[in-house]
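Enquirer: Sequence plus predicted model, see below.
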Amino acid sequence: MHFSPDPFFVIDTAYYVKPKTDELDMRWLYYAIIFHKLGEIDDGSPIPSTTRAAVYVRDVDIPPLPEQRAIAAVLSALDDKIELNRRMNATLERQARALFADWFVHFGPTRAKAANQPPYLPPETWSLFPDRLDDKGVPEGWEVSEIGKEAKVVGGSTPSTKEPRFWGGGIHWTTPKDLSALKSPVLFETNRTITKAGLEKISSGLLPVGTVLLSSRAPIGYVAIAAIPVAVNQGYIALRCEGRLSNIYVWLWLHENMEAIKGNANGSTFQEISKKNFRPLPVVVPSENAMNAFNEMVMPLYERIEKNELESRTLAKTRNLLLPKLMSGEIRVREAEKQIGEVG
C-alpha cells in the first residue's frame with residue numbers, strides 16, 4: 001500500500017483507487033483500505049491475487065466528509081513525520097558516505113595538499129592529512145591492511161526448527177530478511193527470537209550492540225549496525241569492530257566496496273561471499289588522529305539516524321494502534337490527539 005500526493009502510473013499488477021464522488025477524502029480512503037484490508041482480499045484463483053470485482057462487493061462505512069478529513073489529518077500527521085525522518089536519514093547517510101569517500105577513497109585532502117590547493121577543512125583537521133601519497137597510492141604513513149585483520153569476521157547458523165525449546169525466547173535472532181525491510185541502517189528488532197538453548201547452537205554466540213551486519217547471500221549487500229544484542233543465521237557476515245577501525249568506518253567501507261565484495265562471491269545456486277573470500281579484502285587504515293577526527297564528525301550523524309529511526313518506530317506503533325480505533329469509531333479524533341500528545 002502506498003499513498004502518493006503526486007500523479008503517478010501503476011504497472012499491470014497493481015491497482016490505483018480514485019473516488020467517484022467529492023464526498024470522499026483521498027487520505028481517509030487510503031486508511032480505510034488499510035483498515036478493511038481491501039488489498040489483502042484473495043479471489044481464490046490459483047495464484048493469490050486481488051481483483052476489482054472482489055473489492056467492489058465489500059461494504060465500507062463512510063463518515064461525513066469533515067470527520068473523514070479530521071481522521072485523515074491525525075493519521076497523516078504521524079505518517080508525514082515518519083516520512084520526514086526517512087528523508088532526513090537519507091540525507092544524513094549521504095553526508096556520511098560523501099565524507100568517507102573524500103577522505104578514505106579519493107584521499108581528497110592529501111591530493112589537495114599535494115597540488116598546493118587551498119584547504120577546505122578546519123586547520124586542526126587539515127593538519128591531520130599527509131601532503132603526499134606513497135607508492136601504494138594511499139596517504140603517506142597510512143596503511144593498507146585486510147578487513148579480516150582489522151575486524152573480527154564471524155558468521156552464524158540456524159538452530160533446528162524441529163526443536164521448540166530453541167525458539168521463542170528473549171534473544172534476538174536475525175536473518176537477512178530483517179534487513180531487507182529496513183529504511184535506515186539500524187537494526188532494532190528481529191522477526192524471530194531464540195532461547196539460551198538455541199543460542200548455544202550458534203558458534204558466534206550473541207553479538208554485541210554495534211556489530212556491523214552484512215547479508216552474504218540471497219542477496220549480498222544488505223548492511224546495518226545492530227542496535228541490540230543479536231545472534232545471526234548463516235546468511236550473514238558479522239563484523240565486530242574492536243580494533244583500529246570503528247564500526248561507523250566499516251559500515252561505510254562496506255558500501256564503498258560492495259562491487260569488490262560481490263566480485264569475490266561464488267556459487268551455482270545463488271551468489272554468496274564466504275568469510276574466507278571476504279577476510280582478505282583490502283582496507284585502508286588511516287592514522288589514529290585522522291580516524292578519531294572522522295569518528296567525531298560522523299558519529300553524530302549516525303546517532304541522529306538512530307534517534308530518528310527509533311522515533312519513527314514509536315510513531316508507527318502509535319499510528320497502527322489508533323488507525324483501527326479511529327476508523328471503527330471506537331475513539332474520537334480529540335481523544336486520539338490527546339494520546340499522540342502523550343506519546344510526543
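Expert: The structure has been received and is ready for your questions.
Enquirer: This protein - how does it break down into domains?
Expert: Each domain of the chain is listed here as a residue range: 1-62, 64-142+286-344, 147-283, per automatic domain parsing.
Enquirer: Could I get the full set of strands for the stretch 101-250 of the chain?
Expert: Counting by DSSP state E, counting those that start in this stretch, the stretch 101-250 of the chain has strands at residues 143-146, 152-154, 167-174, 186-187, 192-194, 212-216, 220-226, 231-232, 236-240.
Enquirer: If you count neighbours, what's buried in the host helix or strand of Ala260?
Expert: For Ala260, the host element (DSSP states H and E) is helix 258-263. For helix 258-263, burial by neighbour count (16 or more other Cβ atoms under 10 Å) applies to Ile261. Where you see a C-beta, it was placed from the backbone N, CA and C, and this is true even at glycine.
Enquirer: cool, and stretch 96-113?
Expert: 96-97, 99-100, 102-104, 107-113.
Enquirer: Look at it and report the distance between its end residues.
Expert: 22 Å (Cα to Cα, to the nearest Å).
Enquirer: Same check on stretch 175-189?
Expert: Span of stretch 175-189 from end to end, Cα to Cα: 11 Å.
Enquirer: which strands and helices sit next to the helix holding Ala260?
Expert: strand 220-226 (3 or more Cβ pairs under 8 Å, 6 or more residues apart in numbering; DSSP states H and E).
Enquirer: elements contacting the strand it packs on?
Expert: Where contact means 3+ Cβ pairs under 8 Å, 6+ apart, strand 220-226 is packed against helix 176-180, strand 186-187, strand 212-216, helix 247-256, helix 258-263.
Enquirer: Toward the C-terminus, what is the element adjacent to the helix holding Ala260?
Expert: helix 275-278.
Enquirer: what is the mean pLDDT for the helix holding Ala260?
Expert: Taken as a whole, helix 258-263 carries a mean pLDDT of 96.
Enquirer: now do stretch 293-303
Expert: What stretch 293-303 shows for mean pLDDT is 97.
Enquirer: For the chain, give me the ranges with low pLDDT.
Expert: In the predicted model of the chain, residues 1, 12, 39-49, 51-57, 268, 344 satisfy pLDDT under 70.
Enquirer: Would you enumerate the residues in contact with Lys27?
Expert: Actually, residue 27 is Arg. It isn't Lys. Counting by Cβ atoms under 8 Å, 6 or more residues apart in numbering, Arg27 touches Phe3, Arg69, Ala72, Ala73, Leu75, Ser76.
Enquirer: let's see 7 Å
Expert: Residues in contact with Arg27 (Cβ atoms under 7 Å, 6 or more residues apart in numbering) are Phe3, Ala72, Ser76.
Enquirer: Sort out which of those residues are in helices and list them.
Expert: Using DSSP state H, Ala72, Ser76 are the members of those that sit in helices.
Enquirer: on that earlier part again, need the winner for burial among the helices and strands packed on strand 220-226.
Expert: Among these, strand 212-216 has the highest mean neighbour count (mean count of other Cβ atoms under 10 Å), at a mean of 26.
Enquirer: Check the offset of that one from the chain's centre.
Expert: 12 Å (Cα atoms, centre = their mean, to the nearest Å).
Enquirer: now do stretch 319-326
Expert: In terms of Cα atoms, centre = their mean, the centre of stretch 319-326 is found 25 Å from the chain centre.
Enquirer: ok, now stretch 194-206?
Expert: The mean C-alpha position of stretch 194-206 is separated from the chain mean by 25 Å, Cα atoms, centre = their mean.
Enquirer: again, but for stretch 164-176
Expert: 21 Å.
Enquirer: List the buried residues for that stretch?
Expert: Buried residues in stretch 164-176 (16+ other Cβ under 10 Å): Phe166, Trp167, Gly169, Ile171, His172, Trp173, Thr174, Thr175, Pro176.
Enquirer: Most remote residue from the middle of the protein, which is it?
Expert: For the chain, the largest distance from the centre (Cα atoms, centre = their mean) belongs to Asn116, which lies 40.3 Å off.
Enquirer: any idea how far Glu124 is from that residue?
Expert: From Asn116 across to Glu124, the span is 20 Å (Cβ to Cβ, to the nearest Å).
Enquirer: got it, and Leu182?
Expert: Distance from Leu182 to Glu124, by Cβ to Cβ: 36 Å.
Enquirer: Leu254 too?
Expert: Using Cβ to Cβ, Leu254 is found at 29 Å from Glu124.
Enquirer: returning to what we had before: let me have the strands of the stretch 101-250 of the chain in TSV, extended by distance to Lys20.
Expert: Converted to TSV, these look like this (distance: least, Cβ to Cβ, whole Å):
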stretch	distance to Lys20
strand 143-146	64
strand 152-154	58
strand 167-174	46
strand 186-187	43
strand 192-194	44
strand 212-216	45
strand 220-226	42
strand 231-232	50
strand 236-240	50
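Enquirer: what residues does stretch 322-337 touch?
Expert: Tyr31, Ala32, Ile34, Phe35, Ala70, Ile71, Val74, Leu75, Gln339.
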